[in-house]
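Student: Can you look at this prediction? I've put the sequence above it.
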Amino acid sequence: MVIFTEQEEELLNQIWAFLDTNYSHRGEQVKKEFDHLERFGNAVAEYPEIYPEQRISREHSLKEKLLMGGFTTNKLYIPVRAVAIHSFLLLKYDSLFQLSQIFQPITAFRTHLKSNMFLIICILMAEKVYCACLESAWFPRKAKELMVDALIRLWNNAPQSAGDPCFSHLEQLWQARYSSPPVFGTMDGNSEILKLSIEMPPDWDVFMKTAPEETIQSLQEFVFGLSYEDIQRERERLLRVGKTSIGTDEFYKFFGAVDLAYKFIDTEDPRTFYNFFIERRNKTARRQDLSEEGPKRTIEELFLEYFSERFGNSFPPLEIRRELH
């Protein structure tokens with residue numbers, strides 16, 4: 001288990017040098033907190049590695065239980081290493097967040113710290129996505145087997161998950177959305193989806209060409225940061241007032257006094273992006289239970305289902321369109 005990546009080590013060394021030169025007393029306090037974090041991480045690393053066939057009861061292996069669904073929310077049956085790594089990630093996020101508060105006026109440090117914080121949020125979200133797929137009655141059995149493998153890899157390898165193909169596809173999707181706030185316009189999402197698609201690997205185009213209505217609706221929620229219901233309401237309002245589009249400033253001014261299903265994403269606080277997934281996931285589950293209109297799965301679940309079925313045994317390595325950056 002890697003406590004700090006090489007890139008994080010380099011960043012922290014630069015920060016310690018800066019604090020030693022300018023705020024030596026504050027630097028000693030902060031370094032002590034990171035020493036505690038490192039010791040905790042080393043303790044977590046001592047827990048045995050998780051493997052699919054390990055017995056968690058007399059009747060079932062871990063993989064069998066995971067494939068049954070409804071199991072991942074019961075912490076009493078989750079392997080101790082997985083629970084410990086989850087706690088380590090929360091502690092690491094908090095440590096980096098506290099450090100980012102010290103360096104609010106220094107853009108370079110703050111930007112790098114926020115990037116590392118966002119990666120932790122992506123790992124925590126990936127765990128939630130894999131669990132959501134495993135608990136979905138709509139997710140195909142073969143695809144669920146891939147999600148079991150992805151979840152166990154995450155539990156074993158976090159916080160260093162960047163090399164995992166399944167995780168890399170999700171992270172690329174989240175990075176593209178996090179760096180591209182909506183412009184709204186005609187509320188069809190075409191410009192937002194195009195911007196996001198440019199940042200995605202080539203197979204995303206194939207995914208979009210065969211996308212059913214649910215996928216489009218779920219993707220519109222994702223790019224707008226709004227629920228299907230709120231998108232419909234705004235479209236109806238535009239029709240009533242005879243407008244064909246709405247600007248970003250006008251949108252936020254209008255919706256400032258309206259309760260929305262999802263809270264706005266604050267790009268200075270990556271935790272709000274994690275909340276955004278949880279809110280969308282809860283909303284899709286409610287629609288399923290009540291047979292309401294709108295997407296019944298998040299774009300992340302639909303995305304993973306498509307690629308799991310397309311590529312069978314494993315995801316391909318992530319091919320980024322570098323020429324478009």
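Tutor: Received, thanks. Residues are numbered from 1 along each chain as shown.
Student: what are the ranges of the helices in the stretch 1-150 of the chain?
Tutor: Taking DSSP state H, counting those that start in this stretch, the helices of the stretch 1-150 of the chain run over residues 6-22, 24-45, 62-68, 80-102, 107-135, 141-157.
Student: With just CA atoms, put the second one into PDB.
Tutor: Provided in PDB are the C-alpha atoms of helix 24-45 (Å, rounded to 0.1, in the frame of the first residue of the first chain):
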ATOM      1  CA  SER A  24       8.600  27.200  11.200                       C
ATOM      2  CA  HIS A  25       6.300  26.800  14.300                       C
ATOM      3  CA  ARG A  26       3.200  26.100  12.100                       C
ATOM      4  CA  GLY A  27       5.200  23.800   9.900                       C
ATOM      5  CA  GLU A  28       6.200  21.500  12.900                       C
ATOM      6  CA  GLN A  29       2.500  21.200  13.900                       C
ATOM      7  CA  VAL A  30       1.400  20.300  10.400                       C
ATOM      8  CA  LYS A  31       4.200  17.800   9.800                       C
ATOM      9  CA  LYS A  32       3.300  16.100  13.100                       C
ATOM     10  CA  GLU A  33      -0.300  15.600  11.800                       C
ATOM     11  CA  PHE A  34       1.100  14.000   8.600                       C
ATOM     12  CA  ASP A  35       3.300  11.800  10.700                       C
ATOM     13  CA  HIS A  36       0.200  10.500  12.400                       C
ATOM     14  CA  LEU A  37      -1.400   9.900   9.000                       C
ATOM     15  CA  GLU A  38       1.600   8.000   7.800                       C
ATOM     16  CA  ARG A  39       1.700   5.800  10.900                       C
ATOM     17  CA  PHE A  40      -2.000   5.100  10.500                       C
ATOM     18  CA  GLY A  41      -1.500   4.200   6.800                       C
ATOM     19  CA  ASN A  42       1.300   1.800   7.700                       C
ATOM     20  CA  ALA A  43      -1.000   0.100  10.200                       C
ATOM     21  CA  VAL A  44      -3.700  -0.200   7.600                       C
ATOM     22  CA  ALA A  45      -1.200  -1.800   5.200                       C
END
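Student: other SSEs contacting that helix?
Tutor: helix 6-22, helix 80-102 (3 or more CB pairs under 8 Å, 6 or more residues apart in numbering; DSSP states H and E). In short, each C-beta sits where N, CA and C put it, glycine included.
Student: Return the distance of it from the chain's centre.
Tutor: Relative to its parent chain, helix 24-45 has a centroid offset of 26 Å by CA atoms, centre = their mean, to the nearest Å.
Student: pLDDT averaged over that helix - what is it?
Tutor: Helix 24-45 shows a mean pLDDT of 91.
Student: From the rest of the structure, what touches it?
Tutor: In this structure, residues lying in contact with helix 24-45 by CB atoms under 8 Å, 6 or more residues apart in numbering are 1, 3-4, 12, 16, 19-20, 81, 84-85, 87-88, 91-92, 95, 98-99, 102.
Student: got it, and the last one?
Tutor: By CB under 8 Å, 6+ apart, the residues outside helix 141-157 that reach it are 1, 49-52, 62-63, 66-67, 72, 79, 81-82, 85, 123, 126-127, 130-131, 133-134, 139, 161, 164, 166-167, 304-305, 308-309, 312-315.
Student: do the same with the fourth one
Tutor: The contact list for helix 80-102 (CB under 8 Å, 6+ apart) reads 1, 15, 26, 30, 33-34, 37, 40-41, 43-44, 47-50, 75, 109-110, 113-114, 116-117, 120-121, 123-124, 127, 155-156, 158-159, 271.
Student: now with 7 Å?
Tutor: Contacts with helix 80-102, where a contact means CB atoms under 7 Å, 6 or more residues apart in numbering, come from 15, 30, 33-34, 37, 40-41, 44, 47-48, 50, 75, 110, 113-114, 116-117, 120, 123-124, 155, 158-159.
Student: where exactly do the strands run in the stretch 201-325 of the chain?
Tutor: For the stretch 201-325 of the chain, no strands are identified by DSSP state E, counting those that start in this stretch.
Student: Any regions of it where pLDDT drops low?
Tutor: Flagging of the stretch 201-325 of the chain using pLDDT under 70 yields the residue ranges 256-258, 311-325.
Student: how deep is the closest residue to residue 206 other than its chain neighbours tucked in, by neighbour count?
Tutor: Distance criterion CB to CB, 6 or more residues apart in numbering; nearest residue to residue 206, sequence neighbours excluded, is residue 310 at 7.7 Å. The local packing of residue 310 (other CB atoms under 10 Å) involves 13 other residues.
Student: Of all the helices of the stretch 1-150 of the chain, which one comes closest to residue 280?
Tutor: When the helices of the stretch 1-150 of the chain are compared by CB to CB, helix 107-135 sits nearest residue 280, at 10.2 Å.
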